[in-house]
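K.L.:
Just to be clear, the model below is a prediction. Sequence and coordinates:
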Amino acid sequence: MFRHTLLRLQRLRAVAQSVSSPQTSLRQASAWINPMLSNLDAKVAEEVDAERLFTTPQVHELLQKITGVDLENKVFRSRRISNQQRRSHFALMTDERLENTIERMKDEAQLFLQFVPLKEPREIKTELLAHDEEIAGFDSSRFVFTDISFDATDQNRTVVVREIDGKLRTATPEEHDRMNRTYYNKQNRPVVDPAVFSDPWLDSALARDEHEFVMDWACLYYEADDPKFVETTKVVFDRTIAANKFDVFYSTRHFGTLVFYMALNNNLPPLLNYFAGHGELRECALLVRLQKTLYPEWRTAIGTNDTDLKIVQDFVKQNPRFKPKLTDLTKFLAQGGQKPFKHAVAPNELKSQVGARLLASEKNIDVSRTELAKICRECEEQEHALANLGDVDTAVHRVLGSLEDHIKTLRMSENSLTVNQTILQYEAAKTRATTLLKCISAGRQYEKAWESLKEVSKEDQATMLGTLQELQSSIDVIRNLVPTAAMNVKDLEDQKDAFLAWQSTAFFLALQQGDTAKIAEIHSTYASLDRKKEFVAIFSKGVSNRFANANFARTSASRFLECVKHEIENQMYIFFGEKSGAKREFLDSDECILLVKAAMKKALAEYGFKAVVTEILHAENDPLAYIYDLEKSVPAVTNALPDTFTEDMREMANELLLYMRDTFLDSAVDPLTSALIKHVQSKVDAMDLVTGSHRTRIAAFSSACHDIIHLFDNSLTRLPKFFEPATIKQLLQRPVTTAVDAIINKAKNWNFARDSQGKTRPIDDLIKVNSAAGQLIAGLSRLKISAEKLEIDAVRAWNSRVCDATLKNVATAMSGEVQRGVAEVKEKLHSGIRKGVELPSYAMMPSEYITKIAQEVLQSFHKFEVFFADDNITHSFAMWTDVSEEREEDLLMKVMRDLCAVIVRSFIETLGDVSALPPVPAKQLFCDAGYFRDALQDLRIPAPALDEVITKLTPT
């Protein structure tokens, strides 16, 4: 309240300052001056005060005289209005009474011809009240604050706008009026401007000569100082002048404003031609008087004794620039200003025309007389039918009395088959007679009700309802007795539609307020008019609207579900509580209980839980926190119902709450999937595998994989508590696929096997990548076990690439050493033999290169033993080798066998053709091969290919 008062004081202070500040520039020209039509000098146009001139008594009097009063064709003509017009009244009058009546109607017509106020439009510029930079960018939309207190009027109501950049300003005229229409709705004044005020619809309306309709609606819709009203009025007037359609405004409340607009712009020639064409010299003179009143000039002032003809002639002489435009006026003045006799014809031709019209009138009278005679005959026939119906009623009563006497007489007779058959025949006749009586009674009620309906006022709702109920009751009776009877059902349904239109509004209001007594009354009304299905539809819609308009908290899933549960409990109290009138009056049957249940289920289904879940997930920005909240809140949905609930209420409440829970969870699948995808994508996007050291890249990769696996692990642990396995599979498959694809796409460009200089990384650095890959593959494997058919083939392929790169780098280094050593032995021994040097020592012990290789193989074995102590590395190589993780020893041996196989193959390929070796190099290589085989046998690694080579190298 304090902020509201402060805001109004700021506004008043600003207005006071603007009023008290001196004017530094001349006032701008009036908005009613049209530069395209005006014949005024610029200086004169700036000095025009249109509002003051329009309200001048002398100008007002001249405009009233020029407007004219056409009672029959304009003022009191038939119009398209929502209120029903009074039926025309015909009366026989004397001449004196007729003159008095016409004068009275002219006085009454002045009420319809009151001019529309002509005002300058409000300024469109706004005033800055405050600029709070600290809240700049707080929202993507502007906020409008409106003073809706009772002391504020539409004109002085405070409306301010908070801009996106934090500026607080006053509203523009368009915003101010739109807020008035929003909070204080009036008939035929929608919030958004009607289309008829803009092209092409405005042009279409004017083409149909609906100028008055457009202007009348504009006067109702806009304020007189609304810039849009001034703009619309000028557009309509300009097009009227351009088309010379002055007849559409003549003798209407808008004609005076049009004349003033033309005189203000010194654009009288079109209007002077119009009046001259109709022979109205007086109106032409009044126009000139108006022009000189608006722009007085002592040199051309009108004399007191000047006649209308002289006034007009002087105007033409004083304004020679208008002479080419005043064609009709010039002809009129040439005839001495006498009103021409239009369409003058010869007496014989005139007599012929009058005779033809008289003949046509007589024919019309004959036709009308024939139609009236036909209507009279129909009325007489209906009266005769009603009289006959009364006779039939009397006759049927007599037949019934006679039948009852006959039945009594027969029953007193002896009991024989013939007598019994006669009694049955009489009973059947009695039944038919009773049916006929009911039909007659219902027919009378039907006719009477229709006659009453024509006389009942629409405001008398109680009588209208009773009459409609009588009609419906009589139709039901007649249809039950005579199914083929022709009834005026369509008109009755139209009448019921019109009557129930206001009932539906009251129905919605009663549902919003929980007024069960009113609902029961409306239910009775709909049921009596055979509109029960319509009642059910409106009831369902009302409950849906109540849910849709409820202010449920959306800060978390638990808070939202709690609010919905509370609303369901309130609905239960309204319709089934001990104090509820509904339970006693119209909800005491199973059918109505099902109605309430179905309506509430429909309301829950149509509420839009998906949007709620999306909003909550967007606010939390953590899908795992949302899942934790679901785990806590979903089981509590059906717990702790109020103690005041009866057993039936508990059963129904539990059913609705379970339906609400299931609907909410079903709606949460897609938003939760999207949130998981967004979350894992953000984790992968934050993973930097390009910059930084090798260790920081591995740390970033491991951290992202850990967070993603943690998210999926926790989801799989908690989701089964409220989702089916198939739903979990549907929920997780896309996030997992997205995570895998995103990680693999990032890792594709990661050159982990080489450093920045292109050198091969040592095994200790490479094995860390295996550890990170194993962490990812192990986590995804657990997910695959928990949720079947999750696709992780892309991760498998990337893991194989990492393992291949690790072993390849180790094996390549050792193979190169072997190739260098073997080549060196072959070259040195061969060159020594050529020189005749004895080299017996080469055959006594293995070469240095082979001992080094054997040591490196042994070191690799021990390193991999240590590496496989890390579960993640074990996962990585186990997935690569398809060896079970539980058999770690087999996994180690498989890796070592593959590594040693590469080295042995390199040794054999470097040896080449063993038979071609000289004896001394062969002997040395035999020793090297044997040493290498012994080293492999110590590690329990078989090498059959090496055994074959040793056999070939064995000295003979």
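P.N.:
Sure, I can see it.
K.L.:
what's near enough to touch Glu120?
P.N.:
Glu120 makes contacts with 30-32, 50-51, 225, 230, as judged by Cβ atoms under 8 Å, 6 or more residues apart in numbering. Glycine gets a C-beta too; all of them are placed from N, C-alpha and C.
K.L.:
Let's see that with 7 Å instead.
P.N.:
Residues in contact with Glu120, defined by Cβ atoms under 7 Å, 6 or more residues apart in numbering, are 30-31, 50-51, 225.
K.L.:
ranking those residues by neighbours, who comes first?
P.N.:
Neighbour counts for these (other Cβ atoms under 10 Å) peak at Ser30, which has 21 neighbours.
K.L.:
in terms of contact, does that residue touch Val48 like I think?
P.N.:
Yes: with contact defined as Cβ atoms under 7 Å, Ser30 and Val48 form a contacting pair (5.0 Å).
K.L.:
Helix or strand with the lowest mean pLDDT in the protein?
P.N.:
Among the helical and strand segments of the chain, the one scoring lowest on mean pLDDT, DSSP states H and E is helix 2-20, with a mean of 44.
K.L.:
neighbours around the residue nearest to Thr158 when sequence neighbours are not counted, how many?
P.N.:
The spatial neighbour of Thr158 that comes closest, neighbours along the chain excluded (Cβ to Cβ, 6 or more residues apart in numbering), is Asp147 at 4.1 Å. A total of 17 residues lie near Asp147 under the criterion other Cβ under 10 Å.
K.L.:
And the pLDDT for Asp147?
P.N.:
What the model reports as pLDDT for Asp147 is 82.
K.L.:
same thing with Val920?
P.N.:
Checking the pLDDT column for Val920, the value is 75.
K.L.:
distance of it from Lys828?
P.N.:
Between Val920 and Lys828 the computed distance is 10 Å (Cβ to Cβ, to the nearest Å).
K.L.:
same question, Val612
P.N.:
Distance, Val612 to Lys828, using Cβ to Cβ: 84 Å.
K.L.:
neighbour count winner among these two?
P.N.:
For Val612 versus Lys828, neighbours defined as other Cβ under 10 Å are more numerous around Val612 (20 against 16).
K.L.:
what's near enough to touch that one?
P.N.:
Residues in contact with Val612 (Cβ under 7 Å, 6+ apart) are 554, 560.
K.L.:
how about a cut-off of 6 Å?
P.N.:
Under the criterion of Cβ atoms under 6 Å, 6 or more residues apart in numbering, the contact partners of Val612 comprise Arg554.
K.L.:
Which helix or strand contains it?
P.N.:
Assignment of secondary structure by DSSP states H and E places Val612 within helix 609-620.
K.L.:
any idea which helix or strand comes after that helix?
P.N.:
Next in sequence after helix 609-620, counting helices and strands by DSSP H and E, comes helix 623-633.
K.L.:
per-residue pLDDT, Arg357?
P.N.:
The predicted local distance difference test score for Arg357 is 69.
K.L.:
Show me where the stretch 151-300 of the chain has its strands.
P.N.:
Using DSSP state E, counting those that start in this stretch, the strands of the stretch 151-300 of the chain run over 159-162, 167-170.
K.L.:
what's the closest of these to Arg933?
P.N.:
Proximity of these to Arg933 was assessed by Cβ to Cβ; the nearest stretch is strand 159-162, lying at 87.3 Å.
K.L.:
name the helices or strands packed onto the closest one?
P.N.:
Packed against strand 159-162 by the contact rule (3 or more Cβ pairs under 6 Å, 6 or more residues apart in numbering; DSSP states H and E) you find strand 143-146, strand 167-170.
K.L.:
Now tabulate these in JSON lines and tack on mean neighbour count and distance to Ile568.
P.N.:
Formatted as JSON lines, the entries for the helices and strands packed on strand 159-162 read as follows, by neighbours: other Cβ atoms under 10 Å; distance: least, Cβ to Cβ, whole Å:
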{"stretch": "strand 143-146", "mean neighbour count": "16", "distance to Ile568": "33"}
{"stretch": "strand 167-170", "mean neighbour count": "18", "distance to Ile568": "41"}
